[in-house]
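Asks: I'd like to go over a predicted model; first the sequence, then the structure.
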Amino acid sequence: MSLFKEKKSFFGRLSEKITDAIMVRAEVDEDLMDELEEILITSDIGMDTTMTIMDRLRDKVKNDYITSPEGVKNALRNIMTSLVDKGERQKLCKEYPLLILVIGINGGGKTTTIGKLAYKLRKEGRTVMLAAADTFRAAAAQQLSIWGERNNINVIRHQEGADPSAVIYDAIQSAKAKGTDVLICDTAGRLQNKKNLMSELEKMNRIIDREYPEASKETLLVLDATTGKNAVSQAREFGQVTDITGIVITKLDGTAKGGIAVTVADEFDMPIKYIGIGEGIEDLKEFVPDEFIGGIFDE
């Protein structure tokens with residue numbers, strides 16, 4: 001059974017709205033197109049992405065002589081799948097050693113995502129270490145340590161207020177000494193002070209490049225689906241301060257705002273690598289474009 005069938009609240013009412021709009025009509029006309037456009041916009045698929053989808057859909061209907069509502073539904077599904085499918089970039093790097101820098105605002109599910117990802121990698125047979133480089137928030141290192149204990153994983157941490165780059169440095173030395181496959185680094189999410197964040201991330205990246213040149217690297221941005229269009233703004237802001245290799249979208253089990261996944265993938269050409277669909281330790285799933293879009297269409 002698809003995970004989207006199991007998580008009934010996933011994507012909220014979007015599936016019903018699209019199905020209702022399409023299946024009650026006997027013909028394909030501009031009224032149908034207008035209604036579909038409105039449904040997409042109100043589901044937190046941004047205006048630009050909605051226009052891209054609708055332009056392609058109108059062209060497809062015209063060029064392929066689509067006359068049935070079911071044909072429109074299939075065309076819409078294929079167009080949306082093509083927007084979120086980033087091919088090989090969709091997968092987490094499998095070349096080890098691997099360092100994963102995890103960024104995102106506080107409260108977005110960053111630390112929880114790290115814990116779940118660590119569990120997932122351990123299940124795949126990888127050795128994992130965590131670095132608590134969010135030294136700004138009092139509870140961050142403690143939270144990460146709890147996840148470390150749950151997963152039986154070593155956590156490198158310093159006292160609150162320490163230099164985050166010093167934590168990264170120590171973690172790299174430890175990971176190298178132990179021959180660890182994957183080092184996952186938490187970071188502070190102070191987007192409101194972009195200049196500090198930029199200089200902090202630049203310093204971390206310099207240390208990573210200098211001390212761990214043999215490691216592959218991923219920078220994952222964690223976005224909370226429940227924040228809707230704010231998540232799109234965060235993708236834009238963080239994209240300005242560092243190179244992002246992939247997105248993790250959390251809290252998709254309790255929101256009707258899953259449309260931000262389509263917007264982020266399209267507008268910023270960023271691959272979504274994982275989605276969080278619940279509180280459980282196994283509720284971090286690899287993003288599969290066909291399944292994800294199929295979930296909108298109840299497939």
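Replies: Great, that's in hand. Numbers count the residues shown, from 1 in each chain.
Asks: and the longest strand anywhere in the chain, which strands flank it?
Replies: Secondary structure of the chain per DSSP state E: the longest strand is strand 216-224. Strand pairing for strand 216-224, determined by DSSP bridges: strand 98-103 (parallel), strand 246-250 (parallel).
Asks: need the helices for the stretch 151-299 of the chain, in chain order.
Replies: Ranges of helices within the stretch 151-299 of the chain are 164-178, 194-211, 229-241, 259-267, 289-296, based on DSSP state H, counting those that start in this stretch.
Asks: out of the ones you listed, which is the most enclosed?
Replies: helix 259-267 (a mean of 25; mean count of other Cβ atoms under 10 Å). For the C-beta atoms, the positions are set from N, CA and C on the backbone; glycine is no exception.
Asks: relative to helix 289-296, how tilted is that one?
Replies: Angle between the axes of helix 259-267 and helix 289-296 is 140 degrees (criterion: axes from the mean of the first three to the mean of the last three Cα atoms, to 10 degrees).
Asks: what's in contact with helix 259-267?
Replies: If you take Cβ atoms under 8 Å, 6 or more residues apart in numbering as the criterion, helix 259-267 is touched by 11, 14, 40, 43-46, 48-49, 52, 80, 83-84, 86, 223, 225, 228-229, 231-232, 235, 247, 249, 252, 270-272, 275, 292.
Asks: then stretch 224-237?
Replies: 44, 46, 104-105, 107-109, 191, 194, 221, 223, 244, 247, 249-252, 254-255, 257-258, 260-261, 263-264, 267-268, 270.
Asks: mind exporting it as CSV, just the C-alpha atoms?
Replies: Taking Å, rounded to 0.1, in the frame of the first residue of the first chain, the C-alpha atoms of stretch 224-237 are listed here in CSV:
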residue,chain,number,x,y,z
ASP,A,224,8.1,22.8,7.4
ALA,A,225,5.2,22.1,5.1
THR,A,226,2.7,23.6,7.5
THR,A,227,4.3,27.1,7.0
GLY,A,228,3.0,27.1,3.4
LYS,A,229,4.4,30.0,1.4
ASN,A,230,6.8,30.9,4.2
ALA,A,231,8.7,27.7,3.4
VAL,A,232,9.2,29.0,-0.2
SER,A,233,10.6,32.3,1.2
GLN,A,234,13.0,30.3,3.4
ALA,A,235,14.2,28.3,0.3
ARG,A,236,14.9,31.6,-1.4
GLU,A,237,16.7,33.1,1.6
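Asks: quick check: mean pLDDT of it?
Replies: In this model, stretch 224-237 has a mean pLDDT of 88.
Asks: what's the answer for stretch 246-261, then?
Replies: Averaged over stretch 246-261, pLDDT sits at 80.
Asks: name the residues of that stretch that are buried.
Replies: Judged by neighbour count using 16 or more other Cβ atoms under 10 Å, the buried positions of stretch 246-261 are 246-253, 255-261.
Asks: endpoint to endpoint, it covers what distance?
Replies: 12 Å (Cα to Cα, to the nearest Å).
Asks: please report the distance of Gly264 from Gly108.
Replies: Just so we're on the same page, residue 264 is Val rather than Gly. According to Cβ to Cβ, to the nearest Å, Val264 and Gly108 sit 13 Å apart.
Asks: make sure Ala131 is indeed in a helix.
Replies: No: Ala131: not assigned to a helix; according to DSSP: H, G, I helix; E, B strand; the rest coil it is strand.
Asks: list the contacts for it?
Replies: 155-157, 167-168, 170-171, 183-186.
Asks: try 6 Å
Replies: By Cβ atoms under 6 Å, 6 or more residues apart in numbering, Ala131 lies in contact with 156, 167-168, 171, 185.
Asks: ok, the residue nearest to Leu284 when sequence neighbours are not counted - how many residues close by?
Replies: If the residues on either side of it in the chain are set aside, Leu284 comes closest to Lys116, at 3.8 Å by Cβ to Cβ, 6 or more residues apart in numbering. Here the number of neighbours of Lys116 (other Cβ atoms under 10 Å) works out to 25.
Asks: pretty sure Lys116 sits against Glu286.
Replies: No: using Cβ atoms under 6 Å, Lys116 makes no contact with Glu286, being 11.8 Å away.
Asks: shared neighbours, those two?
Replies: With Cβ under 6 Å, 6+ apart, Lys116 and Glu286 have no common neighbours.
Asks: any idea which residue sits dead centre in the chain?
Replies: Of all residues in the chain, the one closest to the mean position by Cα atoms, centre = their mean is Val248, 2.0 Å from it.
Asks: distance check, that residue against Tyr274.
Replies: Val248 is 5 Å from Tyr274, by Cβ to Cβ.
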